[in-house]
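1. got a structure for you, letters missing:
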Ligand code: SF4
């Protein structure tokens, strides 16, 4: 709350949660901090329940306001001074690296961190710790769409066009996307689209809040979206709806795709997916003859061990119909996390450097090393994707220490009990967060961090539009920003006696020379230089320009040149300017149903909760709205299992179990059960999910595994 009698203050900023990054005004007066919707091009004055209640966390009684250090005798977390906590972290890092080498320390970031933090964290891992092991929870979000976009278009930007284009589409196809619950203000664009006479088609195994609004809902078996896409392209080819001139002029590789989809007769796709041929034909017709057509994927299509290929199948369809780059048309991915887009552009990923550069590209290493003031040879090579990293913790040859910023893998990782065990096996776990998350509760050192209303910075929304987060007030006493924590840790490492340094680990002089400022404006200025010339080029983006223009779309190479709301109008970001088709074929889910585990299980989100729930499970109104996990079952299945609505049920897979009340719904297939993944403890849905990963993106298969369900 604000000090009584203080002058009321307000700032224009953005919601702390999802990638829509709705505009909001924060106001502080004697009554406390309040949220007010703000007209912004993406949300147009709308906010969802989560945004409306976001200020409640600022003065929440559970908020961390002092570092915590685990007592070596009692084993309990105890309040400690910042000096004590940071000294413990640095001593732990040095001990582990001395014993086991520099890669024995890992860093795990988050898709909610600002661009400045994502950048600083990547730099800190590579220069401060000299470890190759950094990755982030965005791997669990949109990495399959990112990889598919890279290989087809040569660039990965969630939406390559402004969100407003959705309102103008004659046909809009949503695949595995439920924005009515995940980002409700986006539904205004869907409403506008249908008011303009457009057709909305949804592909989802459940009758979601979004599917209920659709003109046509295709309800496939989870894991068969790829076959559906290939069948749609098969029909488009048969009917002559493929844009031959576009394919010839702007793409390569179509023949192999054409040959591949020839085998995907609609009847074959129906047999596999359960989607009637008539619905496949109606969808193909709407896409092939629809004028302005947009195809969007989200987690339902992407969170599979074949997620990259599934997205690629929809990209192939879009390219064959000549959509990408055409006015009002295209393919896009609805990125989920607040800075899921920016978080993957500035070096938080195991294989990337700032500017969306590849870490194994010699020219990229030279450029970034130059900005950081170190020889390119000093930069570590690529690490491993998030799940592989988490699963290697504490194992022979794996990292023995990890620093976690803004992530809660104990709840959000697949096969979560196994990952929880890995975290417990570490010699040193450090977690920077605003609440004692389930992951923080396991830590040796917990560092309390500032919240979104207490620090400046930039976020990049699902359109690739760079936005300003603005501080309403400073962090409370005892709390530091993530940038200040990184800066403090770097300063301590730089002050280490050079003679003391393990040759394999920290190099104090290099850390000192590289500089780790705590001021976000200074970090952003450096980020601009580091990204210059890369795919995600921020060189021309200044905070003033963001203020003046309601955000700036990357790439934006020069301050006086234009930004790029629409990509691909003339060429794709490939060496020859052409988009690439890739033939992809259906393959079964990594785990099949059987007599012991006869049901398909899939996970997702509910409106009132966000990601692992560290924040939203602590907001009173959201807790009331969605207090606990549930297991959604078709009434026919429930009757067969002797389960009534509200009965406690146990869901068991080969990896574990969770319990939650049954919720009967005729909107789910009788062979499939669903649960939201936001919850911890007995209701943790990720206790059963499969840790099979996509071979290209590293995305785990959250969306399908085999389970049995019984009354608990
Ligand atoms: Fe907007 Fe997403 Fe925040 Fe809801 S959670 S207010 S949709 S940014």
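-> Yep, it's here. All values derive from a computational prediction rather than experimental measurement.
2. run a quick neighbour tally on residue 255.
-> A count of nearby residues for residue 255, using other Cβ atoms under 10 Å, gives 11. Quick note: C-beta positions are derived from backbone N, CA and C, even for glycine.
3. any idea how many residues pack against whatever residue of the stretch 601-712 of the chain ends up closest to the ligand?
-> Closest residue of the stretch 601-712 of the chain to the ligand, Cβ to the nearest ligand atom: residue 610 (6.4 Å). Residue 610 has 27 neighbouring residues, counting by other Cβ under 10 Å.
4. what do you get for residue 361?
-> The burial count for residue 361: 13, using other Cβ under 10 Å.
5. before we move on, the earlier item: what about the residue of the stretch 601-712 of the chain closest to the ligand, which SS state?
-> Secondary structure state of residue 610, per DSSP: H, G, I helix; E, B strand; the rest coil, is coil.
6. with residue 657 instead?
-> Residue 657 falls in the strand class when you classify it by three-state DSSP.
7. can you pull the contacts of it?
-> Residue 657 sits next to 650, 651, 687, 688 when contact means Cβ atoms under 8 Å, 6 or more residues apart in numbering.
8. identify the bridge partners of the first one.
-> For residue 650, the beta-bridge partners under DSSP bridges are residue 659, residue 710.
9. now residue 286: how far from the ligand?
-> Applying Cβ to the nearest ligand atom, to the nearest Å, the value for residue 286 to the ligand is 27 Å.
10. how about that residue, nearest residue that isn't a chain neighbour?
-> With sequence-adjacent residues excluded and distances taken as Cβ to Cβ, 6 or more residues apart in numbering, residue 286 is closest to residue 171, at 4.5 Å.
11. likewise for residue 258?
-> Once flanking residues are discounted, residue 258 sits nearest to residue 237: 6.4 Å by Cβ to Cβ, 6+ apart.
12. list the buried ones in the helix or strand that neighbour falls within?
-> Per DSSP states H and E: residue 237 is located in helix 225-239. Neighbour-count burial for helix 225-239 flags 225-237 (criterion: 16 or more other Cβ atoms under 10 Å).
13. out of those residues, which is nearest to the ligand?
-> residue 225 (24.2 Å).
14. so the closest one touches residue 173, yeah?
-> No: in this structure residue 225 lies outside contact range of residue 173 using Cβ atoms under 8 Å: 11.3 Å.
15. report the set of residues contacting both of those two.
-> residue 203.
16. how about the closest residue to the ligand within the stretch 201-350 of the chain, nearest residue that isn't a chain neighbour?
-> For the stretch 201-350 of the chain, the residue closest to the ligand is residue 338, as judged by Cβ to the nearest ligand atom, at 7.2 Å. In space, and not counting its chain neighbours, residue 338 is closest to residue 112: 4.7 Å by Cβ to Cβ, 6+ apart.
17. same question for residue 197.
-> That would be residue 170: by Cβ to Cβ, 6+ apart, it lies 7.4 Å from residue 197.
18. any chance you could map the helices in the stretch 601-712 of the chain?
-> 620-625, 635-641 (DSSP state H, counting those that start in this stretch).
19. would you reformat these as a markdown table and include mean pLDDT?
-> Putting these into a markdown table (pLDDT from 0 to 100) gives the following:
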| stretch | mean pLDDT |
| --- | --- |
| helix 620-625 | 96 |
| helix 635-641 | 98 |
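20. so the residue nearest to residue 258 versus residue 392, what's the distance?
-> Distance, residue 237 to residue 392, using Cβ to Cβ, to the nearest Å: 45 Å.
21. and the strands in the stretch 251-400 of the chain?
-> For the stretch 251-400 of the chain, strands defined by DSSP state E, counting those that start in this stretch occupy the ranges 251-252, 293-297, 330-333, 352-353, 357-358.
22. what of the stretch 601-712 of the chain?
-> Applying DSSP E, counting those that start in this stretch to the stretch 601-712 of the chain gives strands spanning 631-633, 648-653, 656-664, 672-676, 705-711.
23. just put the ones you listed in a markdown table and tack on distance to the ligand and mean pLDDT.
-> Compiled in a markdown table, the strands of the stretch 601-712 of the chain are given as follows (distance: least, Cβ to the nearest ligand atom, whole Å; pLDDT from 0 to 100):
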| stretch | distance to the ligand | mean pLDDT |
| --- | --- | --- |
| strand 631-633 | 22 | 98 |
| strand 648-653 | 27 | 98 |
| strand 656-664 | 23 | 98 |
| strand 672-676 | 15 | 97 |
| strand 705-711 | 28 | 97 |
